[in-house]
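1. Sharing a sequence plus its predicted fold:
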Amino acid sequence: MINVNSKAGKKLDPIMPKKSSRYETKIAYTDELFSLIPKHLIGKLDGWEVVKEVNDIILTFGGNRRLTIQDETVMLAVLMLMGKDGLFVIPNQSDMFPEKMEMIEAEAKAKNIGIVIESRWKLLKLCNLNDTGQNFEALKKNLDRLSSTTIHYKNKNSKWEGRSWFMTYHVTDDGRLYISVNWRLAGAIYGEYHYITLDMDERTKLSSDYAKKLHVILSRMVWHGKTERYKVDTLIKHIWPDANVTPSVLKERRTKIRGALESIGELGAWRIGLTGRGDAAIAEIERAAMQKINS
């Protein structure tokens, strides 16, 4: 076994993430929603649709420009801020000026949304970016793509269905951002929807898009304090959904996955071991437990 984490043989110390996002489970499990896109194709008009069916719920996402891994980073930063300082509002209040809104007691089941009001500086900082004009313009493009995405839901049991925007945003003259997210994302923060915990400090330390995508995959598949084993080729299918590739492309992807596993193993909260080669390669992944809070 190749021990990626230097603490191999010693139980990982429990952790308490300082910056984490609650990521609604069904959306987090939709592999094709945020894609690995060549730089020259980012922002190009490209009508798309992704369907995710889980038990009795069918979610259909669609838009006119593909969502990128950086778009997901921005969304997760918004969710983190929303969990700290956001508002939960009912639909007929959601188009009011945010400063006049009142926080109310409600549940995500009523299809409510969450709103966060924050400076551009704070959002850029959470994405590990400096507050420059160039980065702010790039951030607005991230928000444009997220805001041009729709989410359609259908409950096969209750027969309820509908469609809403994935996210909306406004920028004031002083650079503040008023951002709202759809009811499913908000429901993981304020309501009863299940969620995974995504460590933002860990994500921003990862340099490659495929390592960031793998980090989401492992965060949803390996619970805190648990150890799981997966075929490397299984992890590859979550990152690159196209199955029919040449042997040389598959070999390249296996190399990239091993590099991504090594990067995640160096974060301190993970221990990753690799055995075997080719289609027999296995990754054993341990995730540190969460610290208990003394009452």
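-> Perfect, thanks for sending it.
2. What is the longest helix seen in the chain packed up against?
-> For the chain, the helix with the greatest residue count under DSSP state H is helix 247-265. On a contact count with 3 or more C-beta pairs under 8 Å, 6 or more residues apart in numbering; DSSP states H and E, helix 247-265 meets helix 209-221, helix 232-239, strand 270-275. In short, each C-beta sits where N, CA and C put it, glycine included.
3. Let's have those in a markdown table, adding distance to residue 178 and mean pLDDT.
-> Output for the helices and strands packed on helix 247-265, formatted as a markdown table (distance: least, C-beta to C-beta, whole Å; pLDDT from 0 to 100):
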| stretch | distance to residue 178 | mean pLDDT |
| --- | --- | --- |
| helix 209-221 | 26 | 96 |
| helix 232-239 | 33 | 95 |
| strand 270-275 | 36 | 96 |
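4. how about CSV for the ones you listed, with distance to residue 155 and mean neighbour count added?
-> Listed next are these as CSV, based on distance: least, C-beta to C-beta, whole Å; neighbours: other C-beta atoms under 10 Å:
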stretch, distance to residue 155, mean neighbour count
helix 209-221, 22, 21
helix 232-239, 26, 18
strand 270-275, 36, 21
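5. and the ones you listed as CSV, adding distance to residue 173?
-> Converted to CSV, these look like this (distance: least, C-beta to C-beta, whole Å):
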stretch, distance to residue 173
helix 209-221, 33
helix 232-239, 41
strand 270-275, 43
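6. and of these, who's closest to residue 250?
-> Across the helices and strands packed on helix 247-265, residue 250 has its closest neighbour in helix 232-239 (7.6 Å, C-beta to C-beta).
7. ok and that closest one relative to strand 270-275, angle-wise?
-> Angle between the axes of helix 232-239 and strand 270-275 is 130 degrees (criterion: axes from the mean of the first three to the mean of the last three C-alpha atoms, to 10 degrees).
8. how about the longest helix of the chain as CSV, C-alpha atoms only?
-> Provided in CSV are the C-alpha atoms of helix 247-265 (Å, rounded to 0.1, in the frame of the first residue of the first chain):
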residue,chain,number,x,y,z
PRO,A,247,-6.8,3.2,-23.3
SER,A,248,-4.4,6.2,-23.4
VAL,A,249,-7.0,8.6,-22.1
LEU,A,250,-8.0,6.2,-19.4
LYS,A,251,-4.4,5.8,-18.3
GLU,A,252,-4.0,9.6,-18.2
ARG,A,253,-7.1,9.9,-16.0
ARG,A,254,-5.8,7.3,-13.6
THR,A,255,-2.7,9.3,-13.3
LYS,A,256,-4.6,12.4,-12.6
ILE,A,257,-6.8,10.7,-10.0
ARG,A,258,-3.7,9.4,-8.2
GLY,A,259,-2.4,12.9,-8.1
ALA,A,260,-5.7,14.3,-6.9
LEU,A,261,-5.8,11.6,-4.1
GLU,A,262,-2.3,12.6,-3.1
SER,A,263,-3.3,16.3,-2.9
ILE,A,264,-6.3,15.5,-0.7
GLY,A,265,-4.2,13.1,1.4
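9. Show me what counts as buried in that helix.
-> Going by neighbour count (16 or more other C-beta atoms under 10 Å), the buried part of helix 247-265 is 250, 253, 254, 256, 257, 258, 260, 261, 263, 264, 265.
10. Now for those: which two are most distant?
-> Farthest-apart pair in those is 250 and 265; separation 22.3 Å (C-beta to C-beta).
11. So what's the gap between the longest helix of the chain and the chain middle?
-> With C-alpha atoms, centre = their mean, to the nearest Å as the basis, helix 247-265 stands 21 Å off its chain's centre.
12. So for it, mean pLDDT?
-> Per-residue pLDDT over helix 247-265 has a mean of 95.
13. when you compare where that helix runs with where helix 209-221 runs, what's the angle?
-> Using the same axes, to 10 degrees: helix 247-265 against helix 209-221 is 60 degrees.
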